[in-house]
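got a sequence here, can you build the structure:
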Amino acid sequence: MTSQHLSHRSTQPQTQTPTADNDVDMNPSRPKKPAAARRGLRSLSLAVAFPFSLTLLDIFLFGSTTRYRTLHKPFYFPPLWALHLACLTTAFLSGLSSWLVWAEGGFHRQPMALALYLAQLALSLVWYPVVFGAGAIRIGLVLCGVLFGVLLGCTRMFTNMNPIAGDLVKPCLAWALLLAVANFRLVLYQ
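Numbering: from 1, shown residues only. Model (predicted):
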């Protein structure tokens, strides 16, 4: 007798429970997992490809210069190919960290984080044309200092929203510091 174990009667209509045979979706408003995964992968690829491709275009247009190649550099100066590779790596890392923050809803909660991210992206893109294109090395040094400050703010804000995103910005911070040292050395040789 199954009715002996019945403690109370529900006033709501009974719904089917999902089994292997009927597979009823209990929450129809929730998207299916494969569709959500595709959207997530699409947004991730866009978030990473956008800054990466802009940096690649920046390197292609302004990145080759004989001035930097012929300069007598100390041992800690990166060769030009390493400079390009590091800039591409920081673009990738900053895009990935921005996606992690966006996925957590951080840009909606704190719009200043988006402003800082866009500022660091713009500053990193402007450095190549200023230093290699126009030859304005002193302005490039100022840009490196501002970029370091903006990346520091990005690191702090991103860490508050997603600690992994904040950690991904830290290599970019180290790169901005090394870039400032290299830029300062260029100012001395000018």
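
ok, now which ones touch the residue lying closest to His84 once chain neighbours are set aside?
In space, His84 comes closest to Ile59 once its chain neighbours are excluded; the distance is 5.0 Å by C-beta to C-beta, 6 or more residues apart in numbering. From N, CA and C alone the C-beta is placed, and that goes for glycine too. Under the criterion of C-beta atoms under 8 Å, 6 or more residues apart in numbering, the neighbours of Ile59 are His84, Cys87, Leu88, Tyr128.

which SSE is Ile59 in?
For Ile59, the element it lies in under DSSP states H and E is helix 33-62.

for that helix, buried residues please.
Along helix 33-62, the positions that meet the burial threshold by neighbour count (16 or more other C-beta atoms under 10 Å) are Leu44, Ala47, Val48, Pro51, Phe52, Leu54, Thr55, Leu56, Asp58, Ile59, Phe62.

how near is the fourth one to Leu118?
In other words, Pro51. Distance, Pro51 to Leu118, using C-beta to C-beta, to the nearest Å: 10 Å.

cool, Val187 as well?
On the measure of C-beta to C-beta, Val187 and Leu118 end up 27 Å apart.

go on, Trp175?
Separation of Trp175 from Leu118 (C-beta to C-beta): 18 Å.

who has more neighbours out of the two?
Set Trp175 next to Leu118 and count neighbours by other C-beta atoms under 10 Å: Trp175 wins out with 21 against 12.

next, the buried residues of the host helix or strand of the more buried one.
Assigned by DSSP H and E, Trp175 belongs to helix 163-189. Under the neighbour-count criterion of 16+ other C-beta under 10 Å, helix 163-189 has 165-166, 168-170, 172-173, 175-176, 178-180, 182-183, 185-186 buried.

now, which of those residues sits nearest Gly105?
Lowest distance from Gly105 to the buried residues of helix 163-189 (C-beta to C-beta) belongs to Ala165, with 12.4 Å.

which is the next helix or strand following the least confident helix or strand in the chain by mean pLDDT?
Lowest on mean pLDDT, DSSP states H and E among the helices and strands of the chain sits helix 66-70, with a mean of 69. Sequence-wise, the next helix or strand beyond helix 66-70 is helix 80-103, with elements assigned using DSSP H and E.

shaky segments in the protein?
Flagging of the chain using pLDDT under 70 yields the residue ranges 1-33, 35-37, 65, 67-68, 71-72, 76, 190.

switch to 50 and redo it
Low-confidence segments of the chain, defined by pLDDT under 50, span residues 6, 8-9.

surely Arg156 is in contact with Pro163?
No: with the criterion set as C-beta atoms under 8 Å, Arg156 and Pro163 do not qualify as a contacting pair; they are 11.5 Å apart.
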